[in-house]
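In: Starting from these lines, generate the structure:
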Amino acid sequence: HGTTDETLSCFFKMKSAGFSPDAVTFICLLKVCGSIGYLKMGEAIHTEIHKKGLIKSNIVLGTALIDMYTKCGALDTAKQVFDKIPTRNVVSWTALIAGYAHIRKLDLVFNKFNKMIGEGVEPNAVTFSVVLNACSHSGLLDMGQLYFESMSKCYNIIPTSEHYTSMVDLFGRLGLFEHPIALIKKIPTSDYLPTWATLLGSCQRLGNIKLAKLAFDYVVQLDEIYELIFSDPTQQHAFRYIWHAWQHKKSTKYFQSSIGKGHCIKGFGINHDGYMVVHCLKCMLKSSLKLDATTFTCNIHCNSGLF
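Out: You can find the predicted model right below:
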(Lines give C-alpha, C1' and ligand atoms only; values in the text may rest on other atoms or scores of the structure.)
Protein backbone atom coordinates (compact mmCIF):
# COMPACT_ATOMS: atom_id res chain seq x y z
CA HIS A 1 0.00 0.00 0.00
CA GLY A 2 3.02 2.30 -0.22
CA THR A 3 1.91 4.09 -3.37
CA THR A 4 -1.71 4.41 -2.23
CA ASP A 5 -0.67 5.87 1.12
CA GLU A 6 1.57 8.34 -0.67
CA THR A 7 -1.28 9.37 -2.98
CA LEU A 8 -3.65 10.04 -0.09
CA SER A 9 -0.91 11.87 1.81
CA CYS A 10 -0.33 14.17 -1.17
CA PHE A 11 -4.05 14.86 -1.33
CA PHE A 12 -4.21 15.93 2.32
CA LYS A 13 -1.11 18.10 1.91
CA MET A 14 -2.63 19.72 -1.17
CA LYS A 15 -5.81 20.56 0.75
CA SER A 16 -3.83 21.88 3.70
CA ALA A 17 -1.94 24.16 1.32
CA GLY A 18 -5.23 25.62 0.11
CA PHE A 19 -5.31 24.00 -3.33
CA SER A 20 -8.65 22.79 -4.67
CA PRO A 21 -8.62 19.34 -6.34
CA ASP A 22 -10.00 19.08 -9.86
CA ALA A 23 -11.81 16.22 -11.60
CA VAL A 24 -8.58 14.48 -12.60
CA THR A 25 -7.36 14.50 -8.99
CA PHE A 26 -10.66 13.10 -7.77
CA ILE A 27 -10.55 10.32 -10.37
CA CYS A 28 -7.06 9.27 -9.22
CA LEU A 29 -8.17 9.31 -5.58
CA LEU A 30 -11.26 7.23 -6.31
CA LYS A 31 -9.11 4.61 -8.06
CA VAL A 32 -6.93 4.41 -4.96
CA CYS A 33 -9.94 4.06 -2.65
CA GLY A 34 -11.40 1.32 -4.83
CA SER A 35 -8.11 -0.59 -4.99
CA ILE A 36 -7.80 -0.82 -1.19
CA GLY A 37 -11.50 -0.88 -0.30
CA TYR A 38 -11.35 2.45 1.52
CA LEU A 39 -15.09 3.15 1.42
CA LYS A 40 -15.14 5.86 4.09
CA MET A 41 -12.57 7.93 2.24
CA GLY A 42 -14.38 7.32 -1.04
CA GLU A 43 -17.61 8.60 0.44
CA ALA A 44 -15.84 11.74 1.70
CA ILE A 45 -14.47 12.37 -1.79
CA HIS A 46 -17.93 11.80 -3.25
CA THR A 47 -19.29 14.48 -0.92
CA GLU A 48 -16.71 16.98 -2.19
CA ILE A 49 -17.47 16.08 -5.80
CA HIS A 50 -21.17 16.60 -5.14
CA LYS A 51 -20.56 20.01 -3.56
CA LYS A 52 -18.60 21.10 -6.62
CA GLY A 53 -21.30 19.80 -8.98
CA LEU A 54 -18.75 17.91 -11.07
CA ILE A 55 -20.69 14.71 -11.76
CA LYS A 56 -23.16 16.36 -14.11
CA SER A 57 -20.38 17.66 -16.35
CA ASN A 58 -17.89 14.77 -16.23
CA ILE A 59 -18.95 11.26 -17.20
CA VAL A 60 -15.49 9.86 -16.45
CA LEU A 61 -15.76 11.08 -12.87
CA GLY A 62 -19.20 9.54 -12.50
CA THR A 63 -17.86 6.24 -13.82
CA ALA A 64 -14.93 6.41 -11.38
CA LEU A 65 -17.42 6.78 -8.53
CA ILE A 66 -19.38 3.74 -9.73
CA ASP A 67 -16.18 1.73 -10.02
CA MET A 68 -15.03 2.75 -6.53
CA TYR A 69 -18.34 1.84 -4.90
CA THR A 70 -18.56 -1.53 -6.65
CA LYS A 71 -15.02 -2.45 -5.65
CA CYS A 72 -15.83 -1.49 -2.06
CA GLY A 73 -18.94 -3.68 -2.16
CA ALA A 74 -21.43 -0.79 -1.95
CA LEU A 75 -23.54 -1.84 -4.93
CA ASP A 76 -26.67 0.03 -3.87
CA THR A 77 -24.76 3.31 -3.75
CA ALA A 78 -23.07 2.51 -7.04
CA LYS A 79 -26.49 1.99 -8.62
CA GLN A 80 -27.70 5.33 -7.20
CA VAL A 81 -24.73 7.13 -8.74
CA PHE A 82 -25.29 5.27 -12.01
CA ASP A 83 -28.93 6.37 -12.14
CA LYS A 84 -28.01 10.01 -11.54
CA ILE A 85 -25.28 10.51 -14.13
CA PRO A 86 -26.77 12.27 -17.18
CA THR A 87 -24.98 10.20 -19.81
CA ARG A 88 -24.11 6.53 -19.47
CA ASN A 89 -21.53 5.04 -21.79
CA VAL A 90 -20.14 1.52 -22.14
CA VAL A 91 -17.52 2.18 -19.44
CA SER A 92 -20.08 3.18 -16.80
CA TRP A 93 -22.33 0.26 -17.74
CA THR A 94 -19.39 -2.16 -17.57
CA ALA A 95 -18.33 -0.84 -14.16
CA LEU A 96 -21.80 -1.55 -12.77
CA ILE A 97 -22.02 -4.97 -14.42
CA ALA A 98 -18.59 -5.89 -13.05
CA GLY A 99 -19.78 -4.97 -9.56
CA TYR A 100 -22.74 -7.33 -9.79
CA ALA A 101 -20.50 -10.05 -11.23
CA HIS A 102 -18.10 -9.67 -8.32
CA ILE A 103 -20.84 -10.50 -5.78
CA ARG A 104 -22.31 -13.22 -8.02
CA LYS A 105 -25.57 -11.40 -8.73
CA LEU A 106 -25.83 -13.12 -12.10
CA ASP A 107 -29.43 -12.18 -12.75
CA LEU A 108 -28.44 -8.51 -12.49
CA VAL A 109 -25.31 -9.05 -14.59
CA PHE A 110 -27.33 -10.31 -17.54
CA ASN A 111 -30.22 -7.94 -16.85
CA LYS A 112 -27.95 -4.88 -17.00
CA PHE A 113 -26.10 -6.25 -20.00
CA ASN A 114 -29.34 -6.62 -21.94
CA LYS A 115 -30.61 -3.26 -20.74
CA MET A 116 -27.38 -1.61 -21.88
CA ILE A 117 -27.85 -3.01 -25.37
CA GLY A 118 -31.52 -1.98 -25.27
CA GLU A 119 -30.44 1.60 -24.69
CA GLY A 120 -28.23 1.49 -27.76
CA VAL A 121 -24.88 1.14 -25.98
CA GLU A 122 -22.72 -1.57 -27.53
CA PRO A 123 -20.54 -3.72 -25.25
CA ASN A 124 -16.78 -3.63 -25.66
CA ALA A 125 -14.07 -6.25 -25.04
CA VAL A 126 -13.96 -5.48 -21.31
CA THR A 127 -17.73 -5.91 -20.98
CA PHE A 128 -17.51 -9.34 -22.57
CA SER A 129 -14.61 -10.28 -20.29
CA VAL A 130 -16.81 -9.53 -17.28
CA VAL A 131 -19.81 -11.44 -18.64
CA LEU A 132 -17.80 -14.46 -19.81
CA ASN A 133 -16.02 -14.65 -16.48
CA ALA A 134 -19.39 -14.64 -14.74
CA CYS A 135 -20.60 -17.46 -16.98
CA SER A 136 -17.42 -19.41 -16.32
CA HIS A 137 -17.59 -19.23 -12.53
CA SER A 138 -21.24 -20.22 -12.62
CA GLY A 139 -20.94 -23.03 -15.16
CA LEU A 140 -23.38 -21.43 -17.61
CA LEU A 141 -22.22 -23.16 -20.78
CA ASP A 142 -24.99 -22.17 -23.22
CA MET A 143 -24.91 -18.51 -22.21
CA GLY A 144 -21.13 -18.44 -22.25
CA GLN A 145 -20.99 -19.83 -25.77
CA LEU A 146 -23.72 -17.45 -26.90
CA TYR A 147 -21.90 -14.36 -25.60
CA PHE A 148 -18.54 -15.59 -26.92
CA GLU A 149 -19.88 -16.16 -30.43
CA SER A 150 -21.76 -12.85 -30.46
CA MET A 151 -18.53 -10.92 -29.89
CA SER A 152 -17.32 -11.32 -33.45
CA LYS A 153 -20.62 -12.03 -35.16
CA CYS A 154 -22.62 -9.13 -33.76
CA TYR A 155 -20.05 -6.59 -32.56
CA ASN A 156 -16.93 -7.26 -34.66
CA ILE A 157 -14.84 -7.74 -31.52
CA ILE A 158 -11.93 -10.14 -31.90
CA PRO A 159 -11.70 -12.32 -28.77
CA THR A 160 -8.45 -11.94 -26.83
CA SER A 161 -6.60 -14.52 -24.77
CA GLU A 162 -8.58 -13.33 -21.75
CA HIS A 163 -11.88 -14.25 -23.43
CA TYR A 164 -10.49 -17.61 -24.56
CA THR A 165 -9.24 -18.27 -21.03
CA SER A 166 -12.74 -17.72 -19.63
CA MET A 167 -14.16 -20.20 -22.12
CA VAL A 168 -11.44 -22.76 -21.41
CA ASP A 169 -12.17 -22.35 -17.71
CA LEU A 170 -15.88 -22.82 -18.37
CA PHE A 171 -15.34 -26.04 -20.33
CA GLY A 172 -12.88 -27.26 -17.72
CA ARG A 173 -15.21 -26.65 -14.79
CA LEU A 174 -17.85 -28.75 -16.52
CA GLY A 175 -15.41 -31.51 -17.43
CA LEU A 176 -15.84 -30.91 -21.18
CA PHE A 177 -12.19 -31.49 -21.99
CA GLU A 178 -12.66 -32.21 -25.69
CA HIS A 179 -13.03 -28.49 -26.47
CA PRO A 180 -10.22 -26.50 -24.77
CA ILE A 181 -7.22 -27.55 -26.91
CA ALA A 182 -8.97 -26.64 -30.17
CA LEU A 183 -10.08 -23.37 -28.62
CA ILE A 184 -6.60 -22.46 -27.44
CA LYS A 185 -5.20 -23.00 -30.93
CA LYS A 186 -7.49 -20.22 -32.16
CA ILE A 187 -6.00 -17.58 -29.87
CA PRO A 188 -4.76 -14.84 -32.24
CA THR A 189 -1.72 -13.88 -30.12
CA SER A 190 1.15 -15.70 -28.47
CA ASP A 191 -0.18 -14.95 -24.99
CA TYR A 192 -1.05 -18.54 -24.17
CA LEU A 193 0.27 -18.89 -20.62
CA PRO A 194 -2.82 -17.87 -18.60
CA THR A 195 -4.99 -20.13 -20.75
CA TRP A 196 -2.72 -23.14 -20.34
CA ALA A 197 -2.47 -22.49 -16.61
CA THR A 198 -6.27 -22.43 -16.38
CA LEU A 199 -6.55 -25.71 -18.28
CA LEU A 200 -3.92 -27.37 -16.10
CA GLY A 201 -5.82 -26.25 -13.02
CA SER A 202 -9.00 -27.84 -14.36
CA CYS A 203 -7.13 -31.07 -15.12
CA GLN A 204 -5.84 -31.16 -11.55
CA ARG A 205 -9.25 -30.55 -10.02
CA LEU A 206 -10.99 -33.24 -12.05
CA GLY A 207 -8.13 -35.72 -12.34
CA ASN A 208 -7.68 -35.67 -16.12
CA ILE A 209 -4.06 -36.82 -16.36
CA LYS A 210 -4.23 -37.52 -20.10
CA LEU A 211 -5.22 -33.97 -21.02
CA ALA A 212 -2.81 -32.56 -18.45
CA LYS A 213 0.03 -34.34 -20.21
CA LEU A 214 -1.12 -33.06 -23.60
CA ALA A 215 -1.45 -29.51 -22.30
CA PHE A 216 1.94 -29.65 -20.64
CA ASP A 217 3.54 -30.95 -23.83
CA TYR A 218 2.20 -27.90 -25.67
CA VAL A 219 3.64 -25.59 -23.03
CA VAL A 220 7.01 -27.32 -23.30
CA GLN A 221 6.96 -26.85 -27.07
CA LEU A 222 6.41 -23.14 -26.52
CA ASP A 223 9.44 -23.13 -24.19
CA GLU A 224 7.26 -21.49 -21.54
CA ILE A 225 7.28 -24.17 -18.86
CA TYR A 226 9.47 -22.22 -16.44
CA GLU A 227 7.45 -19.06 -16.99
CA LEU A 228 4.27 -21.01 -16.23
CA ILE A 229 5.61 -22.21 -12.90
CA PHE A 230 7.30 -18.92 -12.07
CA SER A 231 4.51 -16.51 -13.02
CA ASP A 232 1.51 -18.31 -11.56
CA PRO A 233 2.05 -19.64 -8.03
CA THR A 234 -1.64 -20.56 -7.84
CA GLN A 235 -0.90 -23.45 -10.20
CA GLN A 236 1.64 -25.02 -7.83
CA HIS A 237 -0.69 -27.84 -6.75
CA ALA A 238 -1.65 -28.58 -10.35
CA PHE A 239 1.99 -28.67 -11.31
CA ARG A 240 2.88 -30.96 -8.39
CA TYR A 241 0.04 -33.26 -9.41
CA ILE A 242 1.24 -33.41 -13.01
CA TRP A 243 4.82 -34.01 -11.91
CA HIS A 244 3.82 -37.10 -9.94
CA ALA A 245 1.70 -38.33 -12.85
CA TRP A 246 4.64 -38.06 -15.22
CA GLN A 247 7.11 -39.58 -12.79
CA HIS A 248 4.81 -42.57 -12.47
CA LYS A 249 4.38 -43.07 -16.19
CA LYS A 250 7.92 -42.06 -17.23
CA SER A 251 6.36 -40.89 -20.46
CA THR A 252 8.03 -37.60 -21.28
CA LYS A 253 11.58 -36.83 -22.31
CA TYR A 254 11.26 -33.33 -20.93
CA PHE A 255 10.93 -34.42 -17.32
CA GLN A 256 13.77 -36.89 -17.71
CA SER A 257 16.12 -34.16 -18.95
CA SER A 258 18.36 -31.89 -16.87
CA ILE A 259 16.53 -28.86 -18.32
CA GLY A 260 13.11 -30.21 -17.41
CA LYS A 261 14.02 -31.25 -13.89
CA GLY A 262 15.98 -28.03 -13.42
CA HIS A 263 12.90 -26.01 -14.31
CA CYS A 264 10.86 -28.10 -11.91
CA ILE A 265 13.28 -27.37 -9.08
CA LYS A 266 13.19 -23.64 -9.88
CA GLY A 267 9.41 -23.63 -10.05
CA PHE A 268 8.92 -25.45 -6.78
CA GLY A 269 11.64 -23.35 -5.20
CA ILE A 270 9.87 -20.14 -6.14
CA ASN A 271 6.83 -21.46 -4.30
CA HIS A 272 8.92 -22.61 -1.29
CA ASP A 273 7.91 -26.23 -1.76
CA GLY A 274 10.97 -27.73 -0.08
CA TYR A 275 9.76 -31.31 -0.22
CA MET A 276 9.34 -31.24 -3.99
CA VAL A 277 12.65 -29.45 -4.53
CA VAL A 278 14.47 -32.21 -2.67
CA HIS A 279 12.43 -34.85 -4.50
CA CYS A 280 13.32 -33.39 -7.91
CA LEU A 281 16.97 -33.06 -6.90
CA LYS A 282 17.12 -36.72 -5.86
CA CYS A 283 15.60 -37.71 -9.20
CA MET A 284 18.27 -35.75 -11.04
CA LEU A 285 21.10 -37.28 -9.02
CA LYS A 286 19.64 -40.77 -9.45
CA SER A 287 19.47 -40.21 -13.23
CA SER A 288 23.04 -38.84 -13.29
CA LEU A 289 21.80 -35.56 -14.73
CA LYS A 290 23.97 -32.46 -14.52
CA LEU A 291 23.06 -29.72 -12.05
CA ASP A 292 23.71 -26.09 -12.94
CA ALA A 293 24.55 -23.29 -10.51
CA THR A 294 21.01 -21.91 -10.56
CA THR A 295 19.56 -25.26 -9.57
CA PHE A 296 21.96 -25.55 -6.63
CA THR A 297 21.21 -21.99 -5.54
CA CYS A 298 17.47 -22.57 -5.66
CA ASN A 299 17.80 -25.80 -3.67
CA ILE A 300 19.95 -24.20 -0.97
CA HIS A 301 17.69 -21.13 -0.72
CA CYS A 302 14.48 -23.11 -0.51
CA ASN A 303 15.80 -25.57 2.08
CA SER A 304 18.02 -23.27 4.12
CA GLY A 305 15.68 -23.65 7.09
CA LEU A 306 15.52 -27.44 6.93
CA PHE A 307 19.02 -28.24 8.14
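In: you'd agree Tyr155 is up against Val121?
Out: No - using CB atoms under 8 Å, Tyr155 makes no contact with Val121, being 11.4 Å away. (C-beta placed from N, C-alpha, C; glycine too.)
In: higher neighbour count, those two?
Out: Using other CB atoms under 10 Å as the criterion, Tyr155 and Val121 rank with Val121 on top: 17 against 14.
In: If you drop the residues flanking it in sequence, what lies closest to that one?
Out: Excluding the flanking residues, the one nearest Val121 by CB to CB, 6 or more residues apart in numbering is Val90, at 5.4 Å.
In: I'd assumed Thr198 was in contact with Gln204.
Out: No - judged on CB under 8 Å, Gln204 makes no contact with Thr198 at a distance of 10.9 Å.
In: Could you check which of those two has the larger neighbour count?
Out: Neighbours per residue, other CB under 10 Å: of Gln204 and Thr198, the larger number sits with Thr198, 27 against 20.
In: list the contacts for the more buried one?
Out: Applying CB atoms under 8 Å, 6 or more residues apart in numbering, we find Thr198 in contact with Thr165, Val168, Asp169, Gly172.
In: try 10 Å this time
Out: Going by CB atoms under 10 Å, 6 or more residues apart in numbering, Thr198 touches 136, 164-173, 180, 184, 215, 232, 235, 238.
In: repeat for Asp67
Out: Per CB under 10 Å, 6+ apart, neighbours of Asp67: 27, 30-31, 33-34, 78, 81, 91-92, 94-96, 98-99.
In: And for Val32?
Out: For Val32, the contact set (CB under 10 Å, 6+ apart) comprises 1, 3-8, 11, 38, 41-42, 45, 68.
In: State the pLDDT value of it.
Out: Predicted confidence (pLDDT) for Val32: 91.
In: What of Leu174?
Out: Looking at Leu174, its pLDDT reads 89.
In: my read: it touches Gln145, true?
Out: No - taking CB atoms under 10 Å as the definition, Leu174 is not a contact partner of Gln145, at 11.4 Å.
In: Low-confidence ranges, the stretch 201-307 of the chain, go.
Out: For the stretch 201-307 of the chain, residues meeting the criterion pLDDT under 70 lie at 216-307.
In: Swap in 50 and give it another go.
Out: Within the stretch 201-307 of the chain, the ranges that satisfy pLDDT under 50 run 226, 230-231, 233, 246, 248-252, 254-255, 259, 270, 289, 293-307.
In: Provide a list of residues in contact with Ser202.
Out: By CB under 10 Å, 6+ apart, the contact set of Ser202 is 168-177, 180, 208, 211-212, 215, 238.
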